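[1] predicted model, plus sequence, below.
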Amino acid sequence: MRVLSTDLLAFYRDICSRPLTVVDLETSGHKPPRSRAIEVSVLNASLKDGILNQETYLINPGVSLPYMITQITGITQEMVEDGLPPEEVWLRCLPLLEQGVLTAHNVGFDYPFIRSEYARLGISFYRSKSEQFCTVKLARLMLSELPSRSLPNLVKHFQFPVGESHRAEADTMACWLLAEMLLKEIANEDDEAVLARIGQQLLSVSDAAKIIGGSQKAARDRLDAAGVEPCISQRTGTPFYRRVDVERVYWQKHQLSLS
């Protein structure tokens, strides 16, 4: 699906006026339903009212924690075994999660786990794309100059006053502080200024092709023909293109097709 800068601006301007439900999960692995949630924090807030509440729970899903998870999170098997049963936690969280725009730093990770945990309880939990807000995606748009948009690195960069990363309460608070900061910038800047920042986003060849249309090779050929110089990743050698340049090539192609 082609998403242009003006579409993104409209989406985030709408998000600025809506209540947010910020969530972070720590899990026993990477993918549900095989892996389970072991900690969850839910924070309800809005730009208008600030933080309204935050609830955090350790969960005992009755699984063994891999050593790697304990190393990353600091959550031990003993801590999980002292946690609440999943059905109690998720029923408590349901009224909170059903309101506002579901917000997370990589919502594509947390949302499937939430759905899986509710499915175990026979509850269908669904939020449409318009009801989901990913702060990773927003950070890539608004903070293109930073070398990393991982939450721990953003916490360090902006010195957010939160606890240790990779714990649900601290990460949820960090996600909210990031969302609040970036959304306020969008709300307080005019369209031209926001679009200029969005235009600096670096896109992969695959993402550029989605905007320009056609295959990745065809998109790259069009970018080369337009004299667009790629930015080469120092770490991987992968080419990336500024969104503003990609959209310029798209509009050139679009105008030619209309003539």
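    Perfect, thanks for sending it.
[2] residue nearest the centroid of the protein?
    The centroid of the chain falls nearest to Cys134 when counting by CA atoms, centre = their mean (2.6 Å).
[3] what sits closest to that one if chain neighbours are left out?
    Nearest residue to Cys134, sequence neighbours excluded (CB to CB, 6 or more residues apart in numbering): Val107, at 4.3 Å. Bear in mind the C-beta positions are built from the backbone N, C-alpha and C, glycine included.
[4] could you point out the longest helix in this structure?
    helix 168-188 (DSSP state H).
[5] what's the strand or helix carrying Thr103 in contact with?
    Using DSSP states H and E, Thr103 falls within strand 101-104. The contact list for strand 101-104 (CB atoms under 8 Å, 6 or more residues apart in numbering) reads 15, 18-24, 110-111, 127, 131-135, 175-176, 179.
[6] hey, where'd the helices end up in the stretch 51-200 of the chain?
    67-73, 77-81, 86-97, 107-120, 135-142, 151-158, 168-188, 191-198 (DSSP state H, counting those that start in this stretch).
[7] out of those, which is closest to Asp7?
    helix 191-198 (10.1 Å; CB to CB).
[8] strand partners (parallel or antiparallel) of the next helix-or-strand element following the closest one?
    Next along the chain after helix 191-198, taking DSSP H and E as the criterion, comes strand 202-204. Applying DSSP bridges, strand 202-204 is found paired with strand 239-242 (antiparallel).
[9] show the pLDDT at the residue nearest to Pro239 when sequence neighbours are not counted.
    Of all residues not flanking Pro239 in the chain, Pro230 sits nearest, at 3.6 Å (CB to CB, 6+ apart). pLDDT for Pro230: 95.
[10] was I right about Pro230 contacting Leu223?
    Yes: at 7.5 Å, Pro230 counts as touching Leu223 under the criterion of CB atoms under 8 Å.
[11] tell me where the model's unsure across the stretch 101-250 of the chain.
    Judged by pLDDT under 70, the stretch 101-250 of the chain has no weakly predicted residues.
[12] could you give the bridge partners of Leu203?
    Bridge pairing for Leu203 - DSSP bridges - gives Tyr241.
[13] can you give me the neighbour number for Tyr118?
    19 (other CB atoms under 10 Å).
[14] now it. Nearest residue, chain neighbours left out?
    Phe125 is the one closest to Tyr118 (CB to CB, 6+ apart), at 4.0 Å.
[15] please apply the same query to Val205.
    Val205 sits nearest to Gln216 (CB to CB, 6+ apart), 4.8 Å away.
[16] against Leu203, how distant is the one you found?
    12 Å (CB to CB, to the nearest Å).
[17] which of these two has more neighbours?
    Shown here are Gln216 and Leu203; by other CB under 10 Å, Leu203 has more neighbours (22 against 15).
[18] touching, that one and Tyr241? I think so.
    Yes: using CB under 8 Å, Leu203 is in contact with Tyr241, at 5.3 Å.
[19] before we move on, back to that, how close does the residue nearest to Pro239 sit to Gly214?
    From Pro230 to Gly214 the distance is 17 Å (CB to CB).
[20] so which of those two has more stuff around it?
    Pro230 (18 against 13).
[21] can you report phi and psi for that one?
    Dihedral angles of Pro230 (phi, psi; degrees, to the nearest 10) stand at phi -70, psi 150.
[22] i'd like the first residue to be 566 from this point on
    Okay, residue one is now 566; in that scheme the one you just asked about reads as Pro795.
[23] roughly how far does it sit from Arg813?
    Applying CB to CB to Pro795 and Arg813 gives a distance of 14 Å.
[24] could you do Asp756 as well?
    18 Å.
[25] could you do Arg601 as well?
    For Arg601 relative to Arg813 (CB to CB), the value is 47 Å.
[26] neighbour count for those two, which is higher?
    Shown here are Arg601 and Arg813; by other CB under 10 Å, Arg601 has more neighbours (22 against 15).
[27] contacting residues for that one?
    592-594, 624, 626, 628, 651, 682.
[28] between which two of those is the distance greatest?
    Gly594 and Pro651 (15.3 Å).
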